[in-house]
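Trainee: Sequence below, structure please.
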Amino acid sequence: MRVAVMAAGAVGGYFGGRLAAAGHDVAFIARGVHRDALRRDGLKIESGLGDLHLKSVNVRDDPKQVGPVDVVLFAVKLWDTEIAGEQTRPLIGPSTRVITLQNGVDSVERLAPMLGEDVTIAGTTYVVSTIVRPGVIRHTGTTAKIICGRLDRRPDPILADYVMQMKAAKIDATLSDHMLVDLWKKFIVLTGTSGITASTRQPLGVVRDDEDMRALFYKLMFETIAVGRAAGVELPPDLTADIDRSVAAFPPTMRASMANDLAAGNRLELDWLAGKVVALGRKYALPTPAQEAVYAILKPYRLGRTQ
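Mentor: As a prediction, the model looks like this:
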């Protein structure tokens with residue numbers, strides 16, 4: 001496959017690196033010091049699934065320099081969705097699929113109007129990765145999963161073939177037959193982990209071991225479940241058991257990406273996580289006091305330290 005990583009951050013860089021190592025033609029869209037390090041030293045991945053050093057990678061500033069590809073791994077921060085979506089247009093060909101590997105639940109509705117309904121594919125990831133220094137991505141734990149599929153649940157043979165090629169590259173990729181539910185399953189856990197690890201400034205292991213913090217953590221997730229069901233998402237009745245398994249599987253050092261962004265003084269995805277739950281709660285007249293508290297606590301930092 002020809003693949004473009006838009007952009008080569010902690011998530012896109014990890015999965016793009018694995019595809020490149022398997023022999024696929026991967027173009028990494030990057031900027032700044034990270035771009036410079038990738039050009040100079042290649043891409044390094046530190047991972048319990050196997051370290052990787054690609055000494056030479058195809059790094060571009062501008063998607064126009066790449067042209068149409070088969071797959072775009074769309075992994076920009078949520079506030080950059082529209083800008084990056086416009087920049088993605090030159091990557092679109094007759095059989096391109098843009099797989100959104102972002103947080104939140106509204107990426108497709110934001111991207112499809114500019115890229116096309118057939119092109120835009122909902123996706124989600126289960127991976128804990130960070131850029132520890134320019135050109136170096138650290139993957140924590142042994143989970144690195146992509147789930148993707150059409151929100152309208154239509155068969156897509158082209159996408160199915162791309163997912164099979166990802167599997168052949170030893171990426172844990174799944175083609176979902178009910179992607180809306182899978183998006184919300186991730187969103188439920190993420191609004192919990194991001195809210196609790198950012199607001200307490202503690203890793204998940206500390207949260208799990210403390211009765212009060214653990215109770216708040218679960219309140220955050222239960223509020224997200226409530227607004228999801230009110231929005232018409234067909235969440236399974238035994239979802240709590242799935243949540244328990246997910247929470248237990250996280251390494252104790254895990255901090256959500258929003259907590260890492262907070263510590264670094266970066267902009268936060270708060271408005272699309274806790275803020276989204278609060279907005280939906282108001283829309284459906286459901287109380288979301290825990291998510292409202294997280295939003296209020298973190299709101300002064302949502303534009304980053306320099307704002």
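
Trainee: can we go C-alpha only for contacts and neighbour counts from here?
Mentor: OK.

Trainee: so which helix or strand takes in the nearest residue to residue 265 once chain neighbours are set aside?
Mentor: Of all residues not flanking residue 265 in the chain, residue 305 sits nearest, at 4.6 Å (C-alpha to C-alpha, 6 or more residues apart in numbering). Using DSSP states H and E, no element contains residue 305; it sits outside every helix and strand.

Trainee: who touches residue 40 in this structure?
Mentor: Not one residue lies near residue 40 by C-alpha atoms under 8 Å, 6 or more residues apart in numbering.

Trainee: Tell me the buried residues in the helix or strand where it lies?
Mentor: Here residue 40 sits within helix 32-41, counting by DSSP H and E. Within helix 32-41, the residues scored as buried using 16 or more other C-alpha atoms under 10 Å are 34, 35, 37, 38, 39, 41.

Trainee: mind listing what the fourth one touches?
Mentor: Counting by C-alpha under 8 Å, 6+ apart, residue 38 touches 57, 59, 134, 135.

Trainee: How confident was the prediction at the third one?
Mentor: Meaning residue 134. Residue 134 is assigned 97 on the pLDDT scale.

Trainee: From residue 42, how far off is it?
Mentor: Plainly put, residue 134 is 10 Å away from residue 42 if you go by C-alpha to C-alpha, to the nearest Å.

Trainee: follow-up on the earlier one: export the helix holding residue 40 as CSV, just CAs?
Mentor: The C-alpha trace of helix 32-41 is given here as CSV (Å, rounded to 0.1, in the frame of the first residue of the first chain):
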residue,chain,number,x,y,z
GLY,A,32,9.3,21.5,13.2
VAL,A,33,12.0,19.8,15.2
HIS,A,34,10.2,16.4,14.9
ARG,A,35,10.4,16.6,11.1
ASP,A,36,14.0,17.6,11.3
ALA,A,37,14.9,14.7,13.5
LEU,A,38,13.1,12.2,11.3
ARG,A,39,15.0,13.5,8.2
ARG,A,40,18.3,13.5,10.0
ASP,A,41,18.1,10.3,12.2
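
Trainee: Name the next helix or strand downstream of that helix, please.
Mentor: Following helix 32-41 in sequence order, the next helix or strand is strand 43-47 (DSSP H and E).

Trainee: What are the boundaries of the helices in this protein?
Mentor: 10-21, 32-41, 81-88, 107-115, 157-168, 179-200, 204-209, 211-230, 239-249, 257-264, 274-283, 289-298 (DSSP state H).

Trainee: Kindly reformat the ones you listed as JSON lines containing mean pLDDT.
Mentor: Formatted as JSON lines, these follow (pLDDT from 0 to 100):
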{"stretch": "helix 10-21", "mean pLDDT": "98"}
{"stretch": "helix 32-41", "mean pLDDT": "96"}
{"stretch": "helix 81-88", "mean pLDDT": "97"}
{"stretch": "helix 107-115", "mean pLDDT": "97"}
{"stretch": "helix 157-168", "mean pLDDT": "98"}
{"stretch": "helix 179-200", "mean pLDDT": "98"}
{"stretch": "helix 204-209", "mean pLDDT": "97"}
{"stretch": "helix 211-230", "mean pLDDT": "98"}
{"stretch": "helix 239-249", "mean pLDDT": "93"}
{"stretch": "helix 257-264", "mean pLDDT": "95"}
{"stretch": "helix 274-283", "mean pLDDT": "98"}
{"stretch": "helix 289-298", "mean pLDDT": "98"}
